[in-house]
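In: Here you go, sequence then predicted model.
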Amino acid sequence: MSLIVQKYGGSSVADAEGLKRVAKRIVETKKAGHEVVVVVSAMGDTTDNLLDLAEQVVPIPSGRELDMLLSAGERISMALLAMSIKSLGVEARSYTGSQAGMITDAQHGSARIVDVTPRRVREALDEGAIAIVAGFQGYNRGTGDITTLGRGGSDTTAVALAAALNADVCEIYTDVDGVFTADPRVVKSAHKIDRITSEEMLELAAAGAKVLYIRAVEYARRHGVLLHVRSSFNNNEGTLVVNPTEGENVEEPIITGVAADLSQAKVTVVGVPDIPGKAARLFTIVAKTGANIDMIVQNSSTASGLTDISFTLPKSDAQTAMTALTAEQAEVGFTSLQHDDQIGKLSVVGAGMRSSAGVTAKLFTALYESGINIEMISTSEIRISVITRADTINDAVRIVHTAFDLDADEEAVVHGGTGR
């Protein structure tokens, strides 16, 4: 008997019919002789609707109360799913994140898991039941408060439970058939990847691929959890996300996939004195706001000894960072700040880049020939990212996907429409 953790996203349980379809799949897995733990997200757009409602009540809701509100979405879907499974003649028990032993720090809205003690989940499995766990949430021992994990929280919950329970596999169910070479909603000719390394998946997730969130991939790689990304709308084999075996002799593709990200903004600090310590001070100020900086470019110093420094960060953090920098403008000595939220980041990822020449030239040539301008560049061993205009990003993805011969003969199928 193997232990399988299954996670279902909001699009898979968006309505009663979706819940029934998922319940049937779960029961089939149980009857095939497996122990089953299920992590479920809130139904459809429930979380967004709750956020909208909170903002109608108060412009800036309390973090504690917002977590209490948002955690209700997963509690609804877990209870309904347990009811549906029981109607099929199989015992199921639903648990909140705290009941399932998801222990976090005290950071409301973006809590991090510090321990997992799934005693009640293990007891349910030992008694032959299916355990249904609310994703996205946990609790802090110090305060006793409910917390939520932020973006990708349900994926992270599933992986954490799989690691704690020593599961054989963690299946992430969504509305596409697996991980594709590009977003199939943007690139109709994208094709499914059968097997991808956790290293490549980390880069794709960081670059904006939404099928898996980076925190979940990081957790899986660190704890050796095998991920299997599948569609909840059919029984097709999906994509395995594996940790590469040391000494494995497999020829890796030069480019595995292309990703785009429209969630970032660019801030340019104009007229920074080009002397030691100024850049350090500038980024210390930004770091204190909690903003996560992605790409950085510093221009050459002018004759007056000044330089411009540009960096990208999440749009949601840009205003806070600019306010903090403005407050310290006299100390740092820069001239002005510029903000640009109409940018897009395009990334190509592939482990084969390490041993292949000409990837950068092919990428830049494809964009140049299509009249798409590059504003910033960042690289790693297996990734190249560029910043361009937001209104050209989808065209850029399609152009680059074709340039690297990633197009499939058949059109990709999206069963739901959101990718979650």
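Out: Sure thing, it's come through. Numbering: from 1, shown residues only.

In: State the three-state secondary structure for Ile85.
Out: With DSSP: H, G, I helix; E, B strand; the rest coil as the basis, the three-state label of Ile85 is helix.

In: Quickly note the distance from it to Ile254.
Out: Distance of Ile85 to Ile254, computed by Cβ to Cβ, to the nearest Å: 45 Å. C-beta: built from backbone N, CA, C; applies to glycine.

In: which of those two has more neighbours?
Out: When Ile85 and Ile254 are compared on other Cβ atoms under 10 Å, the one with more neighbours turns out to be Ile85, at 27 against 19.

In: Count the neighbours of the closest residue to that one other than its chain neighbours for me.
Out: Closest residue to Ile85 apart from its sequence neighbours, by Cβ to Cβ, 6 or more residues apart in numbering: Ala92 at 3.9 Å. Using other Cβ under 10 Å, Ala92 has 24 other residues around it.

In: same thing with Asp405?
Out: A count of neighbours around Asp405, defined by other Cβ under 10 Å, yields 8.

In: give the contact list for Asp67.
Out: Going by Cβ atoms under 8 Å, 6 or more residues apart in numbering, Asp67 touches 108-109, 137, 145-148.

In: Which of the three states applies to it?
Out: Of the three states, Asp67 takes helix under three-state DSSP.

In: picking that back up, give the ChimeraX command for selecting the buried subset of the contacts of Asp67.
Out: Per 16 or more other Cβ atoms under 10 Å, the buried members of those correspond to this ChimeraX selection:
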select :108,137,145,146,147,148
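
In: Now, the contacts of Asp67 that are in strands?
Out: Judged by DSSP state E, the subset of those located in strands is 137, 146-148.

In: Any chance of TSV for those residues, columns distance to Arg25 and pLDDT?
Out: Shown next, in TSV, are the ones in strands among the contacts of Asp67 (distance: Cβ to Cβ, whole Å; pLDDT from 0 to 100):
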residue	distance to Arg25	pLDDT
Gln137	23	97
Ile146	29	96
Thr147	30	97
Thr148	26	96
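
In: Now the two most distant members of those.
Out: Ile146 and Thr148 (7.6 Å; Cβ to Cβ).

In: coming back round to it: close enough to count as contact, the residue nearest to Ile85 and Ala82?
Out: Yes. Counting by Cβ atoms under 8 Å, a contact exists between Ala92 and Ala82, whose distance comes to 4.3 Å.

In: overlap in contacts of these two?
Out: Ile132.

In: Show me which positions of stretch 50-68 end up buried.
Out: Buried residues in stretch 50-68 (16+ other Cβ under 10 Å): 50-51, 54, 61, 63, 66-68.

In: need those residues in CSV with pLDDT and distance to Ser154, can you?
Out: Shown next, in CSV, are the buried residues of stretch 50-68 (pLDDT from 0 to 100; distance: Cβ to Cβ, whole Å):
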residue, pLDDT, distance to Ser154
Leu50, 94, 15
Leu51, 93, 16
Ala54, 94, 20
Pro61, 91, 21
Gly63, 94, 19
Leu66, 96, 17
Asp67, 96, 15
Met68, 96, 18
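
In: out of those, who's nearest Asp317?
Out: Nearest to Asp317 among the buried residues of stretch 50-68: Gly63, at 16.0 Å, using Cβ to Cβ.

In: list the contacts for the closest residue to that closest one other than its chain neighbours?
Out: Nearest non-adjacent residue to Gly63, counting by Cβ to Cβ, 6+ apart: His108, 3.3 Å away. Neighbouring residues of His108 by Cβ under 8 Å, 6+ apart: 63-64, 66-67, 145, 147-148.

In: if we go to 10 Å?
Out: His108 makes contact with 62-68, 70, 140, 143, 145-148, 150 under the criterion Cβ atoms under 10 Å, 6 or more residues apart in numbering.

In: quick one, strands of the stretch 301-420 of the chain?
Out: Taking DSSP state E, counting those that start in this stretch, the strands of the stretch 301-420 of the chain run over residues 306-314, 336-340, 343-349, 376-380, 383-389.

In: Compute the inter-axis angle for the longest one and strand 383-389.
Out: Going by axes from the mean of the first three to the mean of the last three Cα atoms, to 10 degrees, strand 306-314 is angled at 100 degrees with respect to strand 383-389.

In: what do you get for the third one?
Out: Comparing the axes of strand 343-349 and strand 383-389 via the same axes, to 10 degrees yields an angle of 160 degrees.

In: what about dumping the CA coordinates of strand 343-349 to PDB?
Out: Taking Å, rounded to 0.1, in the frame of the first residue of the first chain, the C-alpha atoms of strand 343-349 are listed here in PDB:
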ATOM      1  CA  ILE A 343       6.900  45.900 -17.900                       C
ATOM      2  CA  GLY A 344       7.000  42.100 -18.600                       C
ATOM      3  CA  LYS A 345       9.700  39.600 -17.800                       C
ATOM      4  CA  LEU A 346      10.400  36.800 -20.300                       C
ATOM      5  CA  SER A 347      12.500  33.900 -19.300                       C
ATOM      6  CA  VAL A 348      13.900  30.800 -21.100                       C
ATOM      7  CA  VAL A 349      14.900  27.900 -18.900                       C
END
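
In: which other helices and strands contact it?
Out: Strand 343-349 is packed against helix 198-206, strand 257-261, strand 264-273, helix 359-369, strand 376-380, strand 383-389, helix 393-403, with contacts defined by 3 or more Cβ pairs under 10 Å, 6 or more residues apart in numbering; DSSP states H and E.

In: Much appreciated, bye for now.
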